[in-house]
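**Q** Give me the fold of what follows.
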Amino acid sequence: MVQRVQRYQESDYMDPEQGLCLGALFDIAATNGLDMGRKLCILGFCRSVEMLSDVVEDIVVEQGGEVVSAEKASNDGLNERLTMRLAVPYLWGVPPASETLHLAVRSGGGIVEKVYWRWDFL
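**A** The predicted model follows:
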C-alpha cells in the first residue's frame, strides 16, 4: 500500500493550492462480471477525476478485474464527472472485494457520499 500511495501524488494531478472542487463528482458501479443484475454503487466527490480513475483502475486490475468503461466529462472546466463501470472478481466473496474498492476510492482522493447495493430483477 505504501508504494501505491507514493506512486500517486495529488500534486502530479493538480495544483496543491486548489481547494476541493464540489463540481468534481464520481459514480462507480461494480459487478462481479458474471451477475450483471447485482451492483455495488459508490457516489461522491473528488479533487481530481484523473487521479481517482488511475488509482481505482490499478487496484481493480491488481485484483484480476477490469474496467468495463470509464468516462470523464467536463462542462467548461467548471464541473467534472467520472463514471466508471467495473468487473471485480469476488465482489460478493468472503472477505468481499468491495472493501478493497472502498479503499481504492479513498486512496484516490474520493469523498464517498453514498454507497448502495442494487439488484435488478428480470
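**Q** contacts, neighbours, all on C-alpha from now
**A** Fine.
**Q** Please, where are all the strands along this protein?
**A** Using DSSP state E, the strands found in the chain span residues 25-31, 38-46, 66-75, 79-87, 110-119.
**Q** Adding mean neighbour count, mean pLDDT and distance to residue 52, write those strands out as TSV.
**A** Output for those, formatted as TSV (neighbours: other Cα atoms under 10 Å; pLDDT from 0 to 100; distance: least, Cα to Cα, whole Å):
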stretch	mean neighbour count	mean pLDDT	distance to residue 52
strand 25-31	22	95	9
strand 38-46	20	93	7
strand 66-75	14	92	11
strand 79-87	20	93	9
strand 110-119	14	91	7
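**Q** Just give me how far the longest helix along the chain sits from the chain centre.
**A** Of all segments of type helix in the chain, defined using DSSP state H, the longest is helix 49-62. On the basis of Cα atoms, centre = their mean, to the nearest Å, the separation between the geometric centre of helix 49-62 and that of its chain is 7 Å.
**Q** which residue sits closest to residue 97 in space, ignoring its chain neighbours?
**A** With sequence-adjacent residues excluded and distances taken as Cα to Cα, 6 or more residues apart in numbering, residue 97 is closest to residue 91, at 4.6 Å.
**Q** Number of residues surrounding that neighbour?
**A** 22 (other Cα atoms under 10 Å).
**Q** go on, the one 3 residues further on?
**A** Applying other Cα under 10 Å, we find 7 residues neighbouring residue 94.
**Q** And for the one 4 residues further on?
**A** Using other Cα under 10 Å, residue 98 is surrounded by 19 other residues.
**Q** picking that back up, was I right about the residue nearest to residue 97 contacting residue 29?
**A** No. Taking contact to mean Cα atoms under 8 Å, the distance of 11.5 Å between residue 91 and residue 29 leaves them out of contact.
**Q** Next, format the strands of the chain as JSON lines and append distance to residue 98.
**A** Below are these laid out as JSON lines (distance: least, Cα to Cα, whole Å):
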{"stretch": "strand 25-31", "distance to residue 98": "9"}
{"stretch": "strand 38-46", "distance to residue 98": "8"}
{"stretch": "strand 66-75", "distance to residue 98": "14"}
{"stretch": "strand 79-87", "distance to residue 98": "11"}
{"stretch": "strand 110-119", "distance to residue 98": "11"}
